[in-house]
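In: attaching a predicted model along with its sequence, questions to come.
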Amino acid sequence: MTNLPEIDANRLWARQTEMDGIGATPGGGIHRLALGEADIEAHRRLNDWARARGWGVLLDDIGNMFLRREGADPSLPPVSSGSHTDSQPMAGRFDGMFGVLAALEALETIDDAGIETRHPIEVAIWNNEEGPRFTPACMGSATYAGVQALEKMLAAEDPDGVTMGQCVADLRAALPDAGRRELGEPFAAFIEAHIEQGITLEGYGNVIGVVTGMQGYRRFRVEVTGQDAHSGTTPRSRRRDAFVAATQMAEALRQAFLDETDTMRFTIGRFEVLPGGISVVPGRVVFTIDMRHPSSETLAAEGDRVVGICKDLKGDCEVSVTEFITSASMEFPEEMRARIEAAATARGFPNQRIYSAASHDARHISRLGPAGMIFIPCWEGISHNEAESATKEDCAAAAQVIADVLIELAV
Ligand SMILES: [Zn+2]
């Protein structure tokens, strides 16, 4: 323990402050959509820092970037850490970027200490984690892990008709000296640090969250079809009012998923009444359901009740329920959780185990090697918001844990 090097909290904070200036908003936040001008500038900055150390910079076909310090044994897979540089519109400074810079600080610390590792060590920057410009979110990590098809993802268009393929070409043009990385190359290990985006760590006064896993989700589209009719002339007995049926379904679903422990997350986030005329009995309603639960079994069992509940309340209307995205809950391997926990404890950082309610790139990368995640507190749990905030000390704590675990795994 005593011969592990100390990370440089001031350097880490200076890097964070520099990145805060790229895509800065007047409200103190960040607007850095995936592979837009600001995001490419952030990549260029990371490239320059890696080059200054004599490290390699690699790009893959979906625009993921890897800063690589070679190890003694080139046949070994890399030990890696990282996150993403893109943001939601008008969002916060730490979501994603903090995890990238903590990983960079860990590598720089190892480099400064002159530690030779057997494995290569890397900073991974996953493209388009957030997804507001190009759907789906976590595009880079999912494509790298083979969960999404490359051609389809490169063809994804932003609202202006610009494709992801064009943006990846822009990134490549901005970094002409970058080498090439094959998709799907495995990792000896991958650690992602991220702000919690919740209030658990803050509530318990802990600095490091050892993430045990990520809750899965099921998303449904419910389409209720009745008949458009004149609102002035059509009596109740002759109405097939899709809104009436849909609101009954919505309330019954809400009641059905009220659990005593408040673990199930049930959301109807979109509710469209069509055709939308003030004097028309609506013949069609489309609404969405987003369900999340840390237990895959519970999510499977509860999600399977949706169709039955909707059918029971359709009345004279028709209803069709389509499940359009499913993602099982996942757990990180205990070996990785234990390492992160031990490193945090050895450094005296108050820590706890914590479940991730949001999805992150590590979900996909865990298919390619043992993965783990570290959370740090973010002020009042506020995220995807310009007011998002984390402290210098907490950011430094995460970088230190990453450095210690990387050394343990890579040497
Ligand atoms: Zn993020």
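Out: Yes, it's here. Residues are numbered from 1 along each chain as shown.
In: if I pick Asp259, what's in contact with it?
Out: If a contact means C-beta atoms under 8 Å, 6 or more residues apart in numbering, then Asp259 has no contacts. (C-beta placed from N, C-alpha, C; glycine too.)
In: for it, give its distance to Pro176.
Out: The gap separating Asp259 from Pro176 is 54 Å, by C-beta to C-beta, to the nearest Å.
In: and Met97, by the same measure?
Out: Applying C-beta to C-beta, one obtains 24 Å for the distance of Met97 from Pro176.
In: these two: which has the busier surroundings?
Out: Between Met97 and Pro176, counting by other C-beta atoms under 10 Å, Met97 is the more crowded of the two (26 against 6).
In: pretty sure the more buried one sits against Gly82.
Out: No: in this structure, Met97 sits apart from Gly82 without contact. The criterion is C-beta atoms under 8 Å, and the distance is 10.6 Å.
In: tell me how many other residues surround Trp379.
Out: By other C-beta under 10 Å, 16 other residues sit near Trp379.
In: pretty sure it contacts Asn385?
Out: No: when contacts are counted by C-beta under 8 Å, Trp379 is not listed as touching Asn385 (10.3 Å).
In: would you map the strands across the stretch 101-250 of the chain?
Out: Counting by DSSP state E, counting those that start in this stretch, one finds strands in the stretch 101-250 of the chain at the ranges 121-125, 179-180, 189-195, 208-214, 216-225, 229-230.
In: got the buried residues for the longest one?
Out: Which is strand 216-225. By neighbour count on 16 or more other C-beta atoms under 10 Å, the buried set for strand 216-225 is Gly216, Tyr217, Arg218, Arg219, Phe220, Val222, Glu223, Val224, Thr225.
In: just flag the most distant two among those residues.
Out: Gly216 and Thr225 (29.8 Å; C-beta to C-beta).
In: OK, contacts around the residue of the stretch 201-350 of the chain found nearest the ion?
Out: Residue nearest to the ion within the stretch 201-350 of the chain: Met214 (12.2 Å; C-beta to the ion). The contact partners of Met214, by C-beta under 8 Å, 6+ apart, come to Ser329, Met330, Tyr355, Ser356, Ala358, Ser359, His360, Ala362, Arg363.
In: so how far is Glu192 from it?
Out: When C-beta to C-beta is the yardstick, Met214 and Glu192 sit 11 Å from each other.
In: return every residue with contacts to both of the two.
Out: By C-beta under 8 Å, 6+ apart, Met214 and Glu192 have these common neighbours: His360, Ala362.
In: now do the contacts for Thr200.
Out: By C-beta under 8 Å, 6+ apart, the contact set of Thr200 is Gly209, Gln352, Ile354.
In: so which of those wins on neighbours?
Out: For these, neighbours were counted by other C-beta under 10 Å; the highest total belongs to Gly209, with 28 neighbours.
In: bridged to it, which residues?
Out: Gln352, Phe375 (DSSP bridges).
In: go on, the one 5 residues further on?
Out: Applying DSSP bridges to Met214 gives these bridge partners: Met330, Ser356.
In: show the pLDDT at it.
Out: You'll see Met214 listed with a pLDDT of 92.
In: what are the contacting residues of stretch 172-186?
Out: When contacts are defined by C-beta under 8 Å, 6+ apart, stretch 172-186 is touched by residues 40, 43-44, 47, 51, 56-62, 64-66, 77, 143-146, 150, 368-369.
In: may I see the buried residues of it?
Out: By neighbour count with 16+ other C-beta under 10 Å, stretch 172-186 contains the buried residues Leu175, Ala178, Arg181.
In: cool, stretch 33-49 as well?
Out: With burial defined by 16+ other C-beta under 10 Å, the residues of stretch 33-49 counted as buried are 33-36, 38-43, 45-47, 49.
In: using PDB, list the CA coordinates for that stretch.
Out: Listed next in PDB are the C-alpha coordinates belonging to stretch 33-49 (Å, rounded to 0.1, in the frame of the first residue of the first chain):
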ATOM      1  CA  LEU A  33     -23.400  16.700 -28.000                       C
ATOM      2  CA  ALA A  34     -21.700  13.600 -29.400                       C
ATOM      3  CA  LEU A  35     -19.100  14.400 -32.000                       C
ATOM      4  CA  GLY A  36     -20.300  18.000 -32.400                       C
ATOM      5  CA  GLU A  37     -17.600  20.700 -32.600                       C
ATOM      6  CA  ALA A  38     -17.100  20.900 -28.800                       C
ATOM      7  CA  ASP A  39     -16.900  17.200 -28.400                       C
ATOM      8  CA  ILE A  40     -14.400  16.800 -31.100                       C
ATOM      9  CA  GLU A  41     -12.300  19.600 -29.500                       C
ATOM     10  CA  ALA A  42     -12.400  17.700 -26.200                       C
ATOM     11  CA  HIS A  43     -11.100  14.600 -28.000                       C
ATOM     12  CA  ARG A  44      -8.400  16.700 -29.600                       C
ATOM     13  CA  ARG A  45      -7.300  17.900 -26.100                       C
ATOM     14  CA  LEU A  46      -7.200  14.400 -24.800                       C
ATOM     15  CA  ASN A  47      -5.200  13.300 -27.800                       C
ATOM     16  CA  ASP A  48      -2.700  16.100 -27.200                       C
ATOM     17  CA  TRP A  49      -2.200  15.200 -23.500                       C
END
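In: which residues touch that stretch?
Out: Identification of contacts with stretch 33-49 by C-beta under 8 Å, 6+ apart yields 15, 18-19, 22-23, 30-32, 57, 63, 65, 67, 85-87, 89, 97, 100, 104, 123, 125, 127-134, 139, 164, 167-168, 170-171, 174-175, 178.
In: give me the buried subset of the contacts of stretch 172-186.
Out: Among these, those classed as buried by 16+ other C-beta under 10 Å are 40, 43, 47, 56-62, 64-66, 77, 143-145, 150, 368-369.
In: out of the contacts of stretch 172-186, which are inside strands?
Out: Residues from the contacts of stretch 172-186 lying in strands, with DSSP state E as the criterion: Gly56, Val57, Leu58, Leu59, Met65, Phe66.
In: low pLDDT regions in the stretch 1-150 of the chain?
Out: Counting by pLDDT under 70, the stretch 1-150 of the chain has low-confidence residues at 1-2.
In: assumed Phe349 was part of a strand.
Out: No: remark: Phe349 does not belong to a strand; assigned using DSSP: H, G, I helix; E, B strand; the rest coil, it is coil.
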